[in-house]
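Chemist: Take this sequence and fold it.
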Amino acid sequence: MKVAGAIFDCDGTLVDSMSMWVDAFGWLCARHGIEAVPQERVESLSLRDGCALLHDELGVRASTDELYEEICAHVRDAYEHEVALMPGARAFLDELAAAGVPMVLASSTPVRELRSALAAHGLTGYFKDVVSTEDVGGRDKEFPDVYLEAARRLGTPREATWVFEDAPFGVRTARRAGFCVVGLMNDHDGRREEDVRPWCDVFAHGFAELSVPLLRDYERPAAAHGAPLRVLVV
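Modeler: Numbering: from 1, shown residues only. Model (predicted):
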């Protein structure tokens with residue numbers, strides 16, 4: 001299939017930050033004297049909506065805006081000093097750039113913090129733009145808005161634009177919206193293969209298993225949700 005553009009998720013896809021996010025909301029809850037909110041309740045939400053949940057539903061007295069700025073500062077510090085780049089990510093971005101494929105970052109994380117993550121790892125120059133769910137009315141990745149806006153900024157057709165995601169809700173939404181989807185897994189974030197693989201075109205355990213020729217050679221099965229190409233490196 002053609003590779004006209006690429007849309008990358010950030011957390012758990014480009015940077016190894018999912019444990020940071022679990023700790024971040026736990027850290028925020030502990031600072032405000034409440035029990036840690038389960039990760040599944042906040043993972044698909046924008047960061048502001050996660051803070052609103054703490055204030056509106058869980059009784060934290062600080063305002064949503066105060067909680068938001070507090071956790072954002074914590075996240076920026078973690079991106080700059082703790083979070084690592086996913087193995088093989090830079091090499092794959094180099095390959096896409098050399099092939100002339102434009103790239104946009106699309107995430108539930110706010111743009112300010114996304115730019116912090118990119119800058120911390122020297123990745124800013126790879127991306128044409130950065131889009132957050134906060135840019136599309138706060139609609140989370142259960143809805144396609146952030147992917148559609150990323151594609152609009154790329155100027156590429158959905159059927160030739162590849163989305164790189166690790167979250168089950170992300171791969172599901174992107175595929176339903178008509179994008180080509182790469183599902184990226186690792187051995188420590190607790191994702192279940194059976195929740196990701198049925199919704200992606202290419203399924204891989206890391207960037208080392210991917211290449212531009214592999215994506216170009218892929219042909220989607222006729223069935224709406226055919227078996228994805230499962231990459232095996234030997």
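
Chemist: only C-alpha atoms for contact and neighbour calcs from this point on.
Modeler: Will do.

Chemist: Tell me where this protein has strands.
Modeler: For the chain, the strands defined by DSSP state E cover 5-8, 15-16, 84-85, 103-107, 129-132, 161-165, 180-184, 202-204, 229-230.

Chemist: Okay, now the sheet partners of the fourth one, with direction.
Modeler: By that I understand strand 103-107. Paired neighbours of strand 103-107 in the sheet (DSSP bridges): strand 5-8 (parallel), strand 129-132 (parallel).

Chemist: out of the strands of the chain, nearest to Pro221?
Modeler: Smallest distance to Pro221 across the strands of the chain (C-alpha to C-alpha): 9.7 Å, for strand 229-230.

Chemist: how near is the residue of the chain most remote from its centre to Glu165?
Modeler: No residue in the chain sits farther from the centre than Arg61, which is 30.3 Å out by C-alpha atoms, centre = their mean. Distance of Arg61 to Glu165, given as C-alpha to C-alpha, to the nearest Å: 35 Å.

Chemist: With Met86 instead?
Modeler: From Met86 across to Glu165, the span is 13 Å (C-alpha to C-alpha).

Chemist: So which of these two has more stuff around it?
Modeler: More crowded of Met86 and Glu165, by other C-alpha atoms under 10 Å: Glu165, with 28 against 17.

Chemist: For the residue nearest the centre of the chain, what are phi and psi?
Modeler: Residue closest to the average C-alpha location in the chain (C-alpha atoms, centre = their mean): Asp9, at 2.4 Å. Asp9 adopts backbone torsions of phi -70, psi 160, taken as degrees, to the nearest 10.

Chemist: What does the pLDDT read for the residue nearest to Gly5 when sequence neighbours are not counted?
Modeler: Leaving aside its chain neighbours, Gly5 sits nearest to Thr161 (4.6 Å; criterion: C-alpha to C-alpha, 6 or more residues apart in numbering). pLDDT recorded at Thr161 is 98.

Chemist: now Arg230
Modeler: Model confidence at Arg230, expressed as pLDDT, equals 59.

Chemist: repeat for Ser132
Modeler: Looking at Ser132, its pLDDT is 95.
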